[in-house]
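Novice: model the following, please.
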Amino acid sequence: MRKNINLWQLMGFAITSIGGTILHFLYDWTNKNTLSALFSGVNESTWEHMKLLFFPMFIFALVQSRFFKDFSGFWCVKLKGILLGLILIPVIFYTYNGIFGTSPDWINIAIFFISAAIAYIYEANLFKQDFKCKFPKLPFVILCVIAILFFVFTFYPPQIPLFQDPITKLYGIN
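Specialist: As a prediction, the model looks like this:
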């Protein structure tokens, strides 16, 4: 399966792009259903946009892991890739806004796709290097903890700018 790593990563990028786009609107499409709020964006905060990247990447990794059983460093690679994507979203967003003062919606959308693309390219490079992992189960546990944090902070967000909806100035579910 690793011979086709570029194809796998391209498929992951496509699924993450489509999944993240759907998750952006899912909460409203489901009439603000609490279950959909766990996985989808409930407002326009940077944190909620990070959720749009995390869940499609994590779900794709769960599927992909079934085909990469012989690669002991799989979850280490995935943790590094997902963390990179999650870090890039606020770094690019706040850097751009710090320089220009504001960002149009098309820039915000591009930030999501750029972050996902860079994350999958980074993962592909790690897979090709036959990346080793000292604690192969720990990264999966860390990703599960991150998922739980997304769930908790949807309903109980810290009162810091990362979690604030720039339009309504509110936090979490309104």
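Novice: which helix runs longest in the protein?
Specialist: helix 74-100 (DSSP state H).
Novice: just how off-centre is it within its chain?
Specialist: 9 Å (CA atoms, centre = their mean, to the nearest Å).
Novice: pLDDT averaged over it, what's the number?
Specialist: Averaging pLDDT along helix 74-100 gives 95.
Novice: in that helix, what's buried?
Specialist: By neighbour count on 16 or more other CB atoms under 10 Å, the buried set for helix 74-100 is 74-86, 88-90, 92-93, 96. For every residue, glycine as well, the C-beta is placed using N, CA and C.
Novice: could you do stretch 144-162 as well?
Specialist: By neighbour count on 16+ other CB under 10 Å, the buried set for stretch 144-162 is Ile146, Ala147, Phe150, Phe153, Thr154, Pro157, Leu162.
Novice: cool, stretch 117-136 as well?
Specialist: Across stretch 117-136, burial judged by 16+ other CB under 10 Å covers Ala117, Ile118, Ala119, Tyr120, Ile121, Tyr122, Glu123, Ala124, Leu126, Phe127, Phe131, Cys133.
Novice: Ala37: which of these is nearest?
Specialist: Ala119 (24.1 Å; CB to CB).
Novice: contact partners for the closest one?
Specialist: For Ala119, the contact set (CB atoms under 8 Å, 6 or more residues apart in numbering) comprises Leu53, Met57, Gly81, Ile82, Leu84, Gly85, Leu88.
Novice: which pair in those residues spans the largest distance?
Specialist: Applying CB to CB across those, the maximum distance is between Met57 and Leu88, 12.1 Å.
Novice: can you tell me how far Leu53 sits from Leu10?
Specialist: Look at Leu53 and Leu10: by CB to CB, to the nearest Å, they are 16 Å apart.
Novice: who has more neighbours, those two?
Specialist: Leu53 (25 against 15; other CB atoms under 10 Å).
Novice: the more buried one is in contact with Ile89, isn't it?
Specialist: Yes. Using CB atoms under 8 Å, Leu53 makes contact with Ile89 at a distance of 6.4 Å.
Novice: what do these two both touch?
Specialist: Phe112, Ser115.
Novice: doesn't Phe131 make contact with Val77?
Specialist: Yes. Here Val77 lies in contact with Phe131, judged by CB under 8 Å, at a distance of 5.3 Å.
Novice: one step back: what is the longest helix of the chain packed up against?
Specialist: helix 46-65, helix 105-128, helix 138-155 (3 or more CB pairs under 8 Å, 6 or more residues apart in numbering; DSSP states H and E).
Novice: with that, I have no additional questions.
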